[in-house]
Each structure stands twice: as structure tokens, then as C-alpha cells.
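Trainee: coords please:
(one chain, ligands or ions: 1)
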Amino acid sequence: MDNSLYIGVDLGGTNIKAGAVSDTGRIIHEIETATEADQGPPHVLDRIAGAVRDLSASIPGDAEIGGVGIGIPGQIDVKHGLCHFAPNMKGWDELSVTPALEEKLGCPVILDNDANVAALGEYAYGAGQGSLHMLMVTLGTGVGGGLVLDGRIFRGVRDLAGEFGHMSVDYNGFVCSCGRKGCIEEYASIRGIVRMVREKLDAGAESSLRSVEKLTPREIYHDAVNGDALAIEAFERAGDYLGIAIADVANLLNIERVVVGGGVANAGDFILNAARKRVAQDALPVAAKSVEIVRAELGNSAGLVGAAYLARTAAS
Ligand SMILES: [Zn+2]
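Mentor: Sure thing, here's the model as predicted:
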């Protein structure tokens, strides 16, 4: 039996979270420390290694670290442990990460994109359990995606697969940050939902949201629960667009589960029921019947437990 420690690291522009995770997905112990990204990559790598060492020292017993998995918001070359690009981390373009960390820590280190490790976390220990082919969609500032096919992250030829946010749902729609028109990110993200509400308010729609100073998904959800028609419409429209994109994925891959996470997913069934309805209408009948759309279960810890699972499965 492998009683080594597997550690997941959730590396963000502001904080580093590291956790030792059991083989059942339980976080045995977790620590959080500032990333201090402005002090450059060597400093951040030292801080990651320090966090992993502190974590393993805080756990009783003499288990060795079997491996460390790291999720990072950026484009990653998994095989070479290289970060191509991380928008929130200064100096991380084309940065070699894992060789330096492996030398500091004396154990295998594996790096992947944050959306991929979150998908893996939900697959292994959350709302994706029991499914073989799964898509994770994260609705937040942007729209992220991660594909688990045959129980493994599907990365594509250059580790870019799973970019669900840039599927177009309206070829004449809003221009996305990627340059394309009508990406789902422009409709089902916080920005997309708030923009829709603002446009309707500017056009004179009656709504309790008119008195809200700063529109956020939380405020819109609050008013939706209280029956405000515009607030409900905003989520339903986001869910409808989400369903258009999910129907394409269902037709292409015949996946069995879509796990929806991120802050916007707190609006729950307002969004998910609209997406389910659209998928039932749009996808091919067998594809539509095969796929279940559910809410994520692990919240912010999906990335951390998924990163640990990645390290554990890479070692076996
Ligand atoms: Zn795009």
C-alpha cells in the first residue's frame, strides 16, 4: 500500500494554497500563504517549495512526499512542466517550473492548467464521481472548461483542449477577448450576465435591480429569488446560451455529465434548468438523453484536491 503523501497546490496570482489530500479526497491539512508574484518567478518557486515543506512537516508520522500536483491559471506544457503564459503572474511566460521544484523538493512535480485540475477534482471526488466522460464548466469572471474522457484529462496535442469558454454561440455576437465573435464567455460569465441586465435597464425595463448600486451575480440572484422578472431572465438567458454550447459538446463527445461550478453557478437551477431545456431541444436525442447537467460540489477546493489526484495518478 502506498502511504506516501500527495500534495495539491493551487497557485494563484495572490495566494498559494497547498494541501495534503488522502486517497479518498479528504484534505488532511491545508496551508495558505501569499504568492508575492511581483517579486518574480524564483521567489515564487521558493515560496511554493517552502509551503510544501511546511505542510509535510506539520503532518505527524514519517510519510514521504510521493508527488506534488500544481494547478495554475495559464497555458501549460504538461510534459515539460513549462508555463507558456499566465496572465496574473509577472515573468511566467515560457517559464520552466517543474525541474526547479523537483530539485528543491526531491519528488515528482506535475503542473497543469487550473481548469483541468478542478475538472479532475470534481471527477475524482465531487459531482463527477461515477462518470466516465465529463465536462467541467466554470462560470466566473470568464468561462473555463476541463474535459475528462475515459477517466483522464483530455489535453489535446498542445495541452490546450477544454477551452469551452471560447465556443461560439452567436457568430454575430459580442467580440470576445480572444477576438472571436459570440464566445460563450461573453454570455454566461459575470460580465455577460451583468451586461445583459444593464442593457435591459438602460432600455427602460421594470426591475427591482434598478435600485441596486453595483450589479453583481449575488445581487441579481437575490432579486431572482424574490421573483424579479429581469433577474430571472438574465440567468435563464445565460443558461440558454450555456445549453447551446453544451449541446455541441454532447453531440461531439456523447459525454455523460456536465459539472457546472464557479460563482455564477450559485444561481443554480435558474441557469441549469434553462441549460437542460436547451440541451433537450438542441442535442441529438441520444446525446441529450445521455447527459446530465449538475452543480459542482467541491467549491474552491476542487483545484487543490484535483492537483493532488493528478500527482497521485501520475505516480501509479
Ligand atoms: Zn473567445
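Trainee: so how far is the helix or strand containing Cys83 from its chain's centroid?
Mentor: Using DSSP states H and E, Cys83 maps to strand 82-85. Mean-position distance between strand 82-85 and its chain equals 18 Å (Cα atoms, centre = their mean, to the nearest Å).
Trainee: what's the answer for stretch 130-144, then?
Mentor: Going by Cα atoms, centre = their mean, where stretch 130-144 is centred and where its chain is centred differ by 6 Å.
Trainee: do it and the ion come into contact?
Mentor: No: for stretch 130-144 and the ion, the contact criterion (Cβ under 5 Å from the ion) is not met; the two come no nearer than 8.9 Å. Glycine gets a C-beta too; all of them are placed from N, C-alpha and C.
Trainee: before we move on, what SS does Val249 have?
Mentor: Taking DSSP: H, G, I helix; E, B strand; the rest coil as the rule, one finds Val249 in the helix state.
Trainee: circling back to that earlier point, quick one: strands adjacent to the strand holding Cys83?
Mentor: For strand 82-85, the paired strands and their directions (DSSP bridges) are strand 75-77 (antiparallel), strand 95-96 (antiparallel).
Trainee: what about the closest residue to the ion within the stretch 201-316 of the chain, how many neighbours?
Mentor: Ranking the residues of the stretch 201-316 of the chain by distance to the ion (Cβ to the ion) places Ala245 first, at 11.5 Å. The criterion is other Cβ atoms under 10 Å. On that basis, Ala245 has 29 neighbouring residues.
Trainee: test my guess that it contacts Ile184.
Mentor: Yes: counting by Cβ atoms under 8 Å, Ala245 sits close enough to Ile184 to count as a contact (4.6 Å).
Trainee: any shared contact partners between these two?
Mentor: Taking Cβ atoms under 8 Å, 6 or more residues apart in numbering as the contact criterion, the common neighbours of Ala245 and Ile184 are 164, 167, 169.
Trainee: from the ion, how far out is the second one?
Mentor: If I follow you right, that is Met167. If you measure Met167 against the ion using Cβ to the ion, to the nearest Å, the figure is 8 Å.
Trainee: give me the nearest residue to that residue, chain neighbours excluded.
Mentor: By the measure of Cβ to Cβ, 6 or more residues apart in numbering, the closest residue to Met167 outside its immediate chain neighbours is Ala245, 4.5 Å from it.
Trainee: that older thread, could you pull out the buried residues of the helix or strand encompassing the residue of the stretch 201-316 of the chain closest to the ion?
Mentor: According to DSSP H and E, Ala245 maps onto helix 229-253. Taking 16 or more other Cβ atoms under 10 Å as the neighbour-count basis, helix 229-253 is seen to contain the buried residues 230-251, 253.
Trainee: other SSEs contacting it?
Mentor: Other helices and strands packing on helix 229-253, by 3 or more Cβ pairs under 8 Å, 6 or more residues apart in numbering; DSSP states H and E, are strand 134-139, helix 185-188, helix 190-202, helix 217-225, strand 257-261, helix 269-282, helix 285-290.
Trainee: go again with 7 Å.
Mentor: Contacts defined by 3 or more Cβ pairs under 7 Å, 6 or more residues apart in numbering; DSSP states H and E place helix 229-253 against helix 185-188, helix 190-202, helix 217-225, helix 269-282, helix 285-290.
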